[in-house]
Each structure stands twice: as structure tokens, then as C-alpha cells.
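S.K.: Kindly return the folded structure for what I paste below:
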Amino acid sequence: MARLKVLALLTDGFGTRGGIARYNCDLITALAQSRGIEHITILPRFGDKGALVPPRVTQLPPRANRLAWSCKALQLTLSHSYDLVFCGHLFAAPLAAGLSHLMRIPLWLQLHGIESWQRPVCVVRWAASQARLTTAVSRATRERALKWCQSEPERMRVLPNTIDSQFSPEPASEALRRHFGTTGRKVILTVSRLAALERYKGHDKIIAALPLIRARCPQVLYLIAGEGDDRQRLETLAQQSGVAQLVRFTGPISPQELQGIYGLADVFAMPSTGEGFGIVFLEAAASGLPIVAGNLDGSVDALADGALGTLIDPNDRLVLADAIVAGLGRGRQGKSLAQRFAYANFAAQVDHLVTSRF
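M.R.: Numbering: from 1, shown residues only. As a prediction, this is how the structure comes out:
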């Protein structure tokens, strides 16, 4: 079997944070381990040129400027021989499809979520239709993309996120509890970027439900882990709702601190309406937490249709409050069904896609 040399066009490469970055790193790592891959060259827009990468992977210096990134991609295709173009974001599909045609090699396109839920402009639709393989993180994303993408359904497959083995049902240390002031409290946790463009994650819905939750659980505390340009709005909303004393912001959290943050919580809640998948749900499940999530997006896949947590209408404040109160009283779980999303299973699926499609 011939082994492939891959050019990977990524927005977020190794050394960056966020759900897309995590997915990209997991996928590239699994690709590099596949029997069908010889080498992967990553051209990222954002990344750390000194970041550690897996064997058989080279990450070039990042080029944040879109034009410079595109020009470098063209230069690579003209000076090197590749067998496959991997495009890590729908918005880069026109560039990737053009390079695919220029080199006469197949295109693999990745869909992460909300960027592909609405019908895009004509050139993006054309580019997406050129992909020999399109992978989507959830059934919700696949189904919505199929409504506009002129591609056979068989060429669009679901490849969900995978879970890092570092997460386990270990409670946080007393020192960490004192640091965040959670001792003696019943803690609701949400982990995400606080981005104005990602208000669909539902922090404001939980803040609005806190008066109902406090009436039944007076010692409740809502811990919001993450940072971003929407924090001020959420702080103001908590003050206006009279629950500012029940809401605590951790600020930026490094990957090394995440396990401890999950260990502080009694329930994880993120009633989103636009999540492509939500790797934080897997982290919470592996940490043994009861989970509350919305039933209108990719969260359904992350919770394995409800096997890993409670799926509710995220727009129903009473139902959300009831589910969170029930989760607060449930206690930390032991072994989690999140193992179905273990990396070994993810890597095996990636290997099958490579060897069967290219």
C-alpha cells in the first residue's frame, strides 16, 4: 500500500488553545500514526513554531495574515509533491480545493460546527463539493451541511472528538478549593471561551436560572472557567439578576489546570444551542460529573444521546433549573461511559478512513 504525503491547511495548529485546536491536534496525531501516511506538513495560520509535534509531522511557522498564508500554501504545492490536501476549516475550502485541482490530488475537508450550519457563498459550496471525504464532528453538523453541500451523503462521515486520558474522577485539592472559594459550596461548572461570537454556549441561561436554583440549593456557586471578550457582559448580567455573589470567574485556565477545575464541580452545565460537538462534555464525563446539556445541537452526540448526561430544551429556564438541581444532588460518578470516545477508538477510525478512501 502506497503511503501518502499530506499537506494540512489549519487555522489552529499545535501550540494554540480551543476546541478546534484540540481536534486538529488529535486528528493530525492520529493521521501520523495511520498505516497509510508517510508524512504530514502543517501550514497553520495560528500556532507555536516551537510546539512539540508527533513523529512524521512538520509544522511550519504560522502565518496569521490570510494572504501570506495562502501564498505560502501555493508555494508549497509548486515546490513539493503531496498526495492529499487536508483542509481543517470550511472557510479555507476554496484555497484547498484550488490547490487540490492544481496538484490533481484528493481533498479531505473538516467541518467543526456552526460555521457550516448555514448555506455559505457559492465559491465555498463549490469547494466543499470537491472533497473526496468530508468529516463532521457530529450528526447535527453533518445533517445541516448536507442541506447545502452538493456532495453524496456517503462522502460525508461523522468523526467525533476524542478524550484526553488525563481526566479522571478525582476531586480537587483543598488548596484549590480555598483558592476559588468553593469549600462548602455546591458548584455548577461551565468551561469555555467567553466569546461574544459564541454566546450560544448558554452562560446567560444558567445565570438567569440561578434564582430558581438558589431557592432549592442555597449553597450553590456558578463557576465560569475561561476568558474572553464577553466576560464583562456576563458580569453585568449577574449583577442585574441579583446573583453576582453566586457567580465566580476563574479567568484563563491552562490545559494543565483543567483536571483540577473539573474536580471542583458537582455538576457540569452548558445549555448551548450552537455547539458543533463540545469536547468539554467528554472531559466532564471522564471526570465523573453529572452533565446538563441542550438537545438542539451537537451536544446530543457528545452526550451519546443522553447516556453521558441529561439533555434538555436549553431555552426552558424551569427545565434547566430542575436538571441542574438534580445533578447537584447526584454526586460524582465512577467509571464513565466517555471511554467510547477514547483516543484508541478515534485513531482506529481515522486509520480506516485513510486506508479505505485514499
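S.K.: Would you agree residue 50 is in contact with residue 59?
M.R.: No: judged on Cβ atoms under 8 Å, residue 50 makes no contact with residue 59 at a distance of 9.5 Å. From N, CA and C alone the C-beta is placed, and that goes for glycine too.
S.K.: In terms of packing, which of these two has more residues around it?
M.R.: residue 59 (24 against 9; other Cβ atoms under 10 Å).
S.K.: Could you tell me which residues make contact with the more buried one?
M.R.: Under the criterion of Cβ atoms under 8 Å, 6 or more residues apart in numbering, the contact list for residue 59 reads 13, 14, 42, 44, 47, 49, 51, 53.
S.K.: Can you get me a residue count around the third one?
M.R.: Burial of residue 42 is recorded as 24 neighbouring residues (other Cβ under 10 Å).
S.K.: helices or strands up against the helix or strand hosting it?
M.R.: Taking DSSP states H and E as the criterion, residue 42 maps to strand 37-46. The elements that strand 37-46 packs onto, with contact taken as 3 or more Cβ pairs under 8 Å, 6 or more residues apart in numbering; DSSP states H and E, are strand 4-12, helix 19-33, strand 57-59, helix 66-79.
S.K.: which helices and strands does the longest one pack with?
M.R.: With contacts taken as 3+ Cβ pairs under 8 Å, 6+ apart, helix 19-33 sits against strand 4-12, strand 37-46, strand 57-59, strand 107-111, helix 279-286, helix 343-357.
S.K.: Could you dump those into JSON lines with distance to residue 300 and mean pLDDT added?
M.R.: Formatted as JSON lines, these follow (distance: least, Cβ to Cβ, whole Å; pLDDT from 0 to 100):
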{"stretch": "strand 4-12", "distance to residue 300": "25", "mean pLDDT": "97"}
{"stretch": "strand 37-46", "distance to residue 300": "29", "mean pLDDT": "97"}
{"stretch": "strand 57-59", "distance to residue 300": "32", "mean pLDDT": "97"}
{"stretch": "strand 107-111", "distance to residue 300": "16", "mean pLDDT": "98"}
{"stretch": "helix 279-286", "distance to residue 300": "10", "mean pLDDT": "92"}
{"stretch": "helix 343-357", "distance to residue 300": "19", "mean pLDDT": "94"}
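S.K.: nearest to residue 163, of these?
M.R.: helix 279-286 (4.2 Å; Cβ to Cβ).
S.K.: just how off-centre is that closest one within its chain?
M.R.: 10 Å (Cα atoms, centre = their mean, to the nearest Å).
S.K.: What segments of the chain are strands?
M.R.: Assigned strands in the chain, in chain order: 4-12, 37-46, 57-59, 84-87, 107-111, 133-136, 156-158, 186-191, 220-225, 247-251, 267-270, 291-294, 310-312 (criterion: DSSP state E).
S.K.: quick one: contacts of the second one?
M.R.: Pointing back at strand 37-46 there. 3-14, 16, 28, 31-32, 53, 56-60, 62-64, 66, 69, 72-73, 76, 80, 82, 86, 354.
S.K.: Equivalent analysis for the first one, please.
M.R.: The set of residues that contact strand 4-12 without belonging to it, under Cβ under 8 Å, 6+ apart, is 18, 20-21, 24, 28, 31, 36-47, 73, 76-77, 80-89, 91-92, 95-96, 99, 354, 358.
S.K.: do the same with the last one
M.R.: The list of residues contacting strand 310-312 from outside it, by Cβ under 8 Å, 6+ apart, reads 271, 290-295, 299-300, 303, 305, 319-320, 323, 326-327.
S.K.: Closest one of the residues you listed to residue 140?
M.R.: residue 300 (6.6 Å).
S.K.: Could you check how far residue 3 is from residue 32?
M.R.: Between residue 3 and residue 32 the computed distance is 11 Å (Cβ to Cβ, to the nearest Å).
S.K.: how far away is the closest residue to residue 251 other than its chain neighbours from residue 27?
M.R.: In space, and not counting its chain neighbours, residue 251 is closest to residue 227: 5.4 Å by Cβ to Cβ, 6 or more residues apart in numbering. Between residue 227 and residue 27 the distance is 26 Å, computed by Cβ to Cβ.
S.K.: quick one, which of these two is more surrounded?
M.R.: residue 27 (23 against 15).
S.K.: Residue 241 and residue 182, how far apart?
M.R.: From residue 241 to residue 182 the distance is 21 Å (Cβ to Cβ).
S.K.: For those two, indicate the residue with more neighbours.
M.R.: A count of neighbours by other Cβ under 10 Å puts residue 182 above the other of residue 241 and residue 182, at 20 against 16.
S.K.: nearest spatial neighbour of that one, skipping sequence neighbours?
M.R.: residue 264 (5.0 Å).
S.K.: Isn't the one you found up against residue 222?
M.R.: No: counting by Cβ under 8 Å, residue 264 sits too far from residue 222 to count as a contact (11.8 Å).
S.K.: Give me the common contacts of those two.
M.R.: The contact lists of residue 264 and residue 222 share residue 187, where a contact means Cβ under 8 Å, 6+ apart.
S.K.: Would you enumerate the residues in contact with residue 319?
M.R.: 312, 313.
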